[in-house]
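> Here's my sequence, what's the structure:
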Amino acid sequence: SKELECFWMAFQGAMKVRNGANNDGKMAWFHAFCLSVVSGYGGGMLAPLWMGRPSAMLSNDMNFATCIAAFVVVNCIPFDIGYKIGKTFPVVIVTTLFAQSFRVGGITGYVNGGFAAFKDSPSAYYPTPIFGPIAWATILGNMGSFFVNGFHGHLKNGMPWPFQQGLFCASFYHFFVNDQTGFIGIWLRDFFNIMPAVKMGLSDKVFAHVVVSAFMHIMCILQLPYLLGPSFSPFNSVQSVFKSIFALFSPTRWISPPTDPFKKGDPPIKPKKKGETKKEL
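As a prediction, this is how the structure comes out:
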């Protein structure tokens, strides 16, 4: 249910703060609470503002209520019982799956919302608006990290996983469901329609939601520290291929800069003095 998804999303945010910035439990309670809210619902708080819509934290009382309940469970139960239970493997699995289900609904919902807003004004080069719906859904999963870590802090190590996941899932869902007249959507649906056993008789919208949900849930389990870890990404090999291509065509690969014989680290060659002979080792 939506209530369970909201609670576990808030619980994941509270646990993230307690496991990180508030690991010693000494952070001021209001500071810890606000950080927990942003960690869990940063996207819902800030992403709607890009489209001039009210924040979900203000329009839905359930979000704030679950943030308060989750914070109390993690931080306020005597002897840290709630926090200790939250760190156990079964609870981590439950938290991860429900929170990811919440994110699946966020990506598909924001894609559909962005398409509804822009569908009457596509570009002159493609019949379906592309970048707006995909970018809005992708930003949703990154606003919390932008707010907490800053722009450079979130991106300094390359494309973070929320960006990779958002771009892939939002693009697939958008083209499969909303691109009814463009060649990309037509080709994508035809590709899966030739495999009835894969589509299982589902409608295009339901099938795309199932694919996105399956991918995101499998990935969130694989990225747990018990398995492959949070640094795992199936797109790392793709990034390596692009880096190799860019390096191949980089001008610096073919045009070497002139070397400076007196650059730092290479002392200049001193002329020999008259009568000086080379020392033998």
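
> Count the neighbours of the residue nearest to residue 181 when sequence neighbours are not counted for me.
Excluding the flanking residues, the one nearest residue 181 by CB to CB, 6 or more residues apart in numbering is residue 127, at 4.6 Å. For glycine as for every other residue, the C-beta is placed from the backbone atoms N, C-alpha and C. Close neighbours of residue 127, defined as other CB atoms under 10 Å, add up to 14.

> Remind me what the helix or strand where residue 16 lies packs against, helices and strands.
Residue 16 is part of helix 2-19, with elements assigned from DSSP states H and E. Where contact means 3 or more CB pairs under 8 Å, 6 or more residues apart in numbering; DSSP states H and E, helix 2-19 is packed against helix 29-46, helix 61-75, helix 81-86, helix 89-118.

> Other residues contacting that helix?
With contact meaning CB atoms under 8 Å, 6 or more residues apart in numbering, helix 2-19 is reached by 25, 27, 32, 35-41, 62-63, 66-67, 69-71, 73-75, 83, 86-87, 94-96, 98-99, 101-103, 105, 144.

> Any chance of JSON lines for the helices and strands packed on helix 2-19, columns distance to residue 231?
Below are the helices and strands packed on helix 2-19 laid out as JSON lines (distance: least, CB to CB, whole Å):
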{"stretch": "helix 29-46", "distance to residue 231": "19"}
{"stretch": "helix 61-75", "distance to residue 231": "25"}
{"stretch": "helix 81-86", "distance to residue 231": "23"}
{"stretch": "helix 89-118", "distance to residue 231": "16"}
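
> circling back: CA atoms only: put the helix holding residue 16 into CSV for me.
Taking C-alpha atoms only, helix 2-19 is exported to CSV below (Å, rounded to 0.1, in the frame of the first residue of the first chain):
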residue,chain,number,x,y,z
LYS,A,2,1.0,3.6,-0.4
GLU,A,3,1.2,4.1,3.4
LEU,A,4,3.7,1.3,3.8
GLU,A,5,5.8,2.6,0.9
CYS,A,6,5.8,6.1,2.4
PHE,A,7,6.8,4.8,5.8
TRP,A,8,9.7,2.6,4.6
MET,A,9,10.9,5.4,2.4
ALA,A,10,11.0,7.7,5.4
PHE,A,11,12.6,4.9,7.5
GLN,A,12,15.3,4.5,4.9
GLY,A,13,16.1,8.2,5.1
ALA,A,14,16.2,8.1,8.9
MET,A,15,18.5,5.1,8.9
LYS,A,16,20.8,6.7,6.3
VAL,A,17,21.3,9.7,8.6
ARG,A,18,21.7,7.5,11.7
ASN,A,19,24.3,5.3,10.0
